[in-house]
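>>> need coordinates for the following:
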Amino acid sequence: MSDTKSYRPRLAMTLGDPAGIGPEVVLKALAVPPVDCDITVVGSRSRLIATYQQLRSLKAALPLANPEQLQMLDVPLAPSLEQQIVVGQESVASGAASFRSLETAIDQALTGAFDGIVTGPISKAAWSAAGHAYPGQTELLAERAGVDRFGMLFVARSPHTGWCLRTLLATTHIPLRDVADALTPALLTRKLDLLIECLWQDFGLATPRIAIAGLNPHSGEQGKLGHEEQDWLIPWLQATRLRLPQLQLEGPIPPDTLWVKPGQAWFGTTHTPGFNPADAYLALYHDQGLIPVKLMAFDRAVNTSIGLPFVRTSPDHGTAFDIAGRGQADATSIMAALALAAEFCCERHRVAAAPSLSRLHDRKLSYKS
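Coordinates of the predicted model:
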């Protein structure tokens with residue numbers, strides 16, 4: 001095992017949809033790399049060069065990495081495909097290009113060439129048009145990695161207080177009307193155990209405090225505003241506390257008050273003695289978790305896929321086709337994604353290099369609902 005101090009994470013960085021802001025934020029992020037690691041850009045070299053030339057032609061001075069000086073794994077496009085890509089317009093061609101780039105990065109990570117992947121933003125509609133029916137990049141990553149236990153964790157560090165927000169989604173890209181049916185004790189057990197493993201493996205938190213959201217307004221108000229809490233969520237939480245007595249599990253917390261403490265911790269608006277926001281939050285559906293995350297941390301939140309055999313992070317924003325090619329894209333989130341990926345890789349390397357920590361990390365949780 002190599003010395004921990006000399007370890008340098010090897011990260012792949014995909015361009016995302018070449019018609020969106022992905023290539024731009026990659027060039028901006030790598031102008032002054034935010035972390036000490038080996039970064040390989042994965043995608044179409046010709047599209048990255050075209051983006052560089054377009055941005056250089058603008059009058060505004062932009063800090064940009066020169067593609068010729070970057071380490072790159074080129075995923076070339078057929079001439080007929082490249083001609084169809086128009087900056088600012090999602091298309092079959094742009095969807096096919098971003099899909100191939102991610103496939104390439106995953107294949108290389110699975111061979112051990114990379115310790116982690118930082119993914120640029122993609123268009124789900126363009127993927128679908130290109131014949132790739134995945135709800136998002138997370139699902140493709142999990143399928144190719146051969147895992148069925150995975151989750152979407154959003155991480156952001158407050159620029160005001162330094163506090164770290166960690167939010168896991170129990171369900172992700174499904175219609176709101178399907179959420180209640182998708183939520184089950186077995187699902188929440190899988191997601192919670194994944195979160196616990198991640199908090200230990202990637203953040204070094206062995207006995208975290210985790211806040212769990214209710215589903216209905218006022219967490220159902222004893223069955224008057226919905227029955228899920230009374231029928232199974234509260235009993236599940238009680239049983240889970242018995243299964244994991246070393247942890248502090250709070251909830252189900254009414255969704256409208258769940259985010260009060262995180263907001264205060266983020267902005268530093270409370271000085272109450274004993275104020276103690278949770279180490280992580282388990283939201284039950286997409287918007288329940290992501291509206292507050294984006295309200296507080298839109299320009300710096302990071303989406304990370306947990307449960308994979310390698311690290312994966314991504315900026316918490318989309319392709320922004322409306323501003324692509326104009327030099328207006330903010331690279332803060334993808335820089336945060338790079339920094340977090342490197343942090344995760346270093347923490348995992350530290351644990352793997354220490355036999356006593358590895359034995360603790362390898363302990364198995366009981367996946368019984």
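
>>> surely Phe154 meets Thr167?
Yes. Under the criterion of CB atoms under 8 Å, Phe154 makes contact with Thr167 at 4.7 Å. Every residue, glycine included, has its C-beta placed from N, CA and C.

>>> so for the two, which sits in the more crowded spot?
Set Phe154 next to Thr167 and count neighbours by other CB atoms under 10 Å: Thr167 wins out with 26 against 23.

>>> what's the local residue count around the nearest residue to Arg326 once chain neighbours are set aside?
Closest residue to Arg326 apart from its sequence neighbours, by CB to CB, 6 or more residues apart in numbering: Leu58 at 7.6 Å. Neighbourhood size, Leu58 [other CB under 10 Å]: 12.

>>> can you tell me how far Leu58 is from Gln328?
Using CB to CB, to the nearest Å, Leu58 is found at 10 Å from Gln328.

>>> average model confidence for stretch 299-312?
Averaging pLDDT along stretch 299-312 yields 93.

>>> if you could redo that for stretch 215-230, that was the one I meant.
88.

>>> buried set for it?
Leu215, Asn216, Ser219, Gly220, Gly226, Glu228, Glu229, Gln230 (16 or more other CB atoms under 10 Å).

>>> can you tell me which of these are in strands?
Using DSSP state E to define strands, no part of the buried residues of stretch 215-230 is located there.

>>> of the residues you listed, which is the nearest to Cys346?
Closest approach to Cys346 among the buried residues of stretch 215-230 (CB to CB): Leu215, at 36.8 Å.

>>> roughly how far does the closest one sit from Val26?
Distance, Leu215 to Val26, using CB to CB: 38 Å.

>>> which parts of the stretch 151-300 of the chain are strands?
Remark: strands assigned in the stretch 151-300 of the chain by DSSP state E, counting those that start in this stretch are 151-157, 164-169, 209-213, 248-253, 280-283.

>>> and the next helix-or-strand element following the third one, how far from the chain's centre?
Proceeding C-terminally, strand 209-213 gives way to helix 228 as the next helix or strand, assigned by DSSP states H and E. What separates the centre of helix 228 from the centre of its chain is 28 Å, taken as CA atoms, centre = their mean, to the nearest Å.

>>> so what touches helix 228?
Ala180, Leu183, Leu215, Asn216, Gly220 (CB atoms under 8 Å, 6 or more residues apart in numbering).

>>> out of those, what pair is the most spread apart?
Leu183 and Gly220 (12.8 Å).

>>> next, the residue nearest to Gln89 when sequence neighbours are not counted: phi, psi?
In space, Gln89 comes closest to Ala19 once its chain neighbours are excluded; the distance is 5.7 Å by CB to CB, 6+ apart. Here is the backbone geometry of Ala19 (degrees, to the nearest 10): phi -90, psi -10.

>>> list the beta-bridge partners for the residue nearest the centre of the chain.
The C-alpha lying nearest the average C-alpha coordinate of the chain belongs to Asn303 (CA atoms, centre = their mean; 1.7 Å). Counting by DSSP bridges, Asn303 is bridged to Phe154, Ser314.

>>> pretty sure it sits against Ser314.
Yes. Under the criterion of CB under 8 Å, Asn303 makes contact with Ser314 at 4.5 Å.

>>> okay, and the common contacts of these two?
Ala337.

>>> so what sits against both of Phe154 and Thr167?
Gly289, Leu290, Val293.

>>> out of these, who's nearest Pro63?
Distances from Pro63 to the shared contacts of Phe154 and Thr167, taken as CB to CB, are shortest for Val293 (27.4 Å).

>>> which residue, neighbours along the chain excluded, lies closest to the closest one?
Leaving aside its sequence neighbours, Val293 sits nearest to Phe154 (CB to CB, 6+ apart; 5.0 Å).

>>> now that neighbour: how far from Leu110?
To Leu110, Phe154 is 25 Å away according to CB to CB.

>>> circling back: buried deepest among the strands of the stretch 151-300 of the chain, which one?
Ranked by mean neighbour count, these are led by strand 280-283 with a mean of 26 (mean count of other CB atoms under 10 Å).

>>> can you show me the helices along the stretch 201-350 of the chain?
228, 234-243, 255-258, 260-267, 286-297, 332-353 (DSSP state H, counting those that start in this stretch).

>>> quick one, the fourth one and helix 286-297 angle?
Same thing as helix 260-267. When axes from the mean of the first three to the mean of the last three CA atoms, to 10 degrees is applied, the directions of helix 260-267 and helix 286-297 differ by 30 degrees.

>>> can you give me the offset of helix 260-267 from its chain's centre?
21 Å.

>>> counting by contacts, list what it packs against.
Using 3 or more CB pairs under 8 Å, 6 or more residues apart in numbering; DSSP states H and E as the contact test, the elements touching helix 260-267 are strand 164-169, helix 286-297.

>>> neighbouring contacts of that helix?
Helix 260-267 is contacted by residues 158, 160-161, 163, 165, 269-270, 275, 277-278, 281, 292, 296-297 when judged by CB under 8 Å, 6+ apart.

>>> buried set for it?
Neighbour-count burial for helix 260-267 [16+ other CB under 10 Å]: Lys261, Pro262, Gln264, Ala265, Trp266.
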